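Student: coords below, sequence missing:
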């Protein structure tokens, strides 16, 4: 646990810089904040790749290298708060998960910004089995032991339109009649992207959330095999899923690590050694923010519809009254 800070009496946030705002989670948070007439500044390396953000009424999309201290200072001019969502699943974990949070904390301090919301990860910790989780843990420690009024969020796998989990499973099921699956019994408690965005937005001006780190999970646990089978089923496919042993799982991760796209790496394999679940106390969404956790089955069929055979999708729409 990190030391709790003295709560501040009130916060009024009008201008927010979202580092990582052009990514999956960032786009949803930016959309939500703009509906509340909060001005958001979103740095990106390639402005043309963030076209859907350009139409948001209070969004300012800026080309910038957030790893550059001078660029960070320019980005934070006039800001009341910063949201850091930067994260990667493979690559230079230390640069993104450790050094960037350190630079953001320093830039906030230089520019008189006290409010920081930080995206960590469920199971993050410096003693964890994967570099991903260790680096996430170190980055969270840097943020939460700083002098800033910070809040950290630790979600399980996040699902929703544009996700890189269920959409990937659906694509694989569509093209592969046989799916050899590494770590088939790894457990997850997926959380809906809109619930995550709501938690960030609701915390922004809430002084009771400062100094806190929140685990974010959905209402139900699944094994990786169950998630893959579910994505395949609702999109009208039925591949043979072959669960691999621990040693074969490692071998598959090693082989895939050298393929284009890196669908899996050994570090991913090590991360799945720890179940990504919140356990019996998974009610943060409801107890802290009054958010009803959305079940996977409520929304996944809608956004995975483009993976369905057309006639199956039409029947689904008819049953749903759409």
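Tutor: Now that the structure is in, tell me what you want to look at. As the structure is a computational prediction, the values presented were derived from the model and not from experiment.
Student: okay, CA-based contacts and neighbour counts for the rest of this
Tutor: OK.
Student: What residues does residue 198 make contact with?
Tutor: 29, 32, 291 (C-alpha atoms under 8 Å, 6 or more residues apart in numbering).
Student: between these, which has the most around it?
Tutor: Among the contacts of residue 198, residue 29 has the most neighbours (other C-alpha atoms under 10 Å), with 24 neighbours.
Student: okay, now residue 177: neighbour count?
Tutor: For residue 177, using other C-alpha under 10 Å, the count is 12.
Student: How about the one 3 residues further on?
Tutor: Burial of residue 180 is recorded as 16 neighbouring residues (other C-alpha under 10 Å).
Student: Strands of the stretch 101-250 of the chain, residue ranges please.
Tutor: 115-119, 149-155, 158-159, 178-181, 187-188, 191-192, 213-216, 222-223, 240-243 (DSSP state E, counting those that start in this stretch).
Student: Of all these, which one comes closest to residue 66?
Tutor: The closest of these to residue 66 is strand 115-119. By C-alpha to C-alpha, the value is 15.0 Å.
Student: Residues touching the closest one, excluding its own?
Tutor: With contact meaning C-alpha under 8 Å, 6+ apart, strand 115-119 is reached by 80-86, 140, 143, 148-154, 200, 204.
Student: got any ranges where the stretch 151-300 of the chain has weak pLDDT?
Tutor: Within the stretch 151-300 of the chain, the ranges that satisfy pLDDT under 70 run 280-282.
Student: if we go to 80?
Tutor: 261, 279-283 (pLDDT under 80).
Student: likewise the stretch 1-150 of the chain?
Tutor: The model of the stretch 1-150 of the chain has pLDDT under 80 over residues 1-11, 48-49.
Student: circling back to that earlier point, just send the strands of the stretch 101-250 of the chain back as JSON lines, with distance to residue 132 too.
Tutor: Below are the strands of the stretch 101-250 of the chain laid out as JSON lines (distance: least, C-alpha to C-alpha, whole Å):
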{"stretch": "strand 115-119", "distance to residue 132": "13"}
{"stretch": "strand 149-155", "distance to residue 132": "13"}
{"stretch": "strand 158-159", "distance to residue 132": "16"}
{"stretch": "strand 178-181", "distance to residue 132": "21"}
{"stretch": "strand 187-188", "distance to residue 132": "16"}
{"stretch": "strand 191-192", "distance to residue 132": "19"}
{"stretch": "strand 213-216", "distance to residue 132": "17"}
{"stretch": "strand 222-223", "distance to residue 132": "20"}
{"stretch": "strand 240-243", "distance to residue 132": "24"}
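Student: I'd like to know which of the contacts of residue 198 is nearest to residue 174.
Tutor: The closest of the contacts of residue 198, once distances to residue 174 are taken by C-alpha to C-alpha, is residue 29, at 30.7 Å.
Student: Tell me which residues touch the closest one, please.
Tutor: Residue 29 makes contacts with 21, 197, 198, 200, 201, as judged by C-alpha under 8 Å, 6+ apart.
Student: from memory residue 142 sits against residue 102, does it?
Tutor: Yes - shown here, residue 142 and residue 102 form a contact pair, counting by C-alpha atoms under 8 Å, at 6.4 Å.
Student: Can you get me a residue count around residue 11?
Tutor: Residue 11 has 13 nearby residues by other C-alpha under 10 Å.
Student: what's the residue nearest to it when sequence neighbours are not counted sitting at in phi/psi?
Tutor: Ranked by C-alpha to C-alpha, 6 or more residues apart in numbering and with sequence neighbours excluded, the top spatial neighbour of residue 11 is residue 205, at 5.0 Å. Per-residue torsions, residue 205: phi -110, psi 10 (degrees, to the nearest 10).
Student: Likewise for residue 304?
Tutor: Torsion angles, degrees, to the nearest 10, at residue 304: phi -90, psi 10.
Student: how close does it sit to residue 237?
Tutor: Distance, residue 304 to residue 237, by C-alpha to C-alpha, to the nearest Å: 12 Å.
Student: now residue 107
Tutor: Residue 107 sits 49 Å away from residue 237, going by C-alpha to C-alpha.
Student: how many neighbours does the residue nearest to residue 13 when sequence neighbours are not counted have?
Tutor: Excluding its sequence neighbours, the residue lying closest to residue 13 (C-alpha to C-alpha, 6+ apart) is residue 80, at 5.7 Å. Neighbours of residue 80 under the rule other C-alpha under 10 Å: 21.
Student: my read: residue 80 touches residue 38, true?
Tutor: No - contact criterion C-alpha under 8 Å: residue 80 and residue 38 do not qualify, at 10.4 Å.
Student: what do these two both touch?
Tutor: Counting by C-alpha under 8 Å, 6+ apart, the residues touching both residue 80 and residue 38 are 13, 14, 15, 16.
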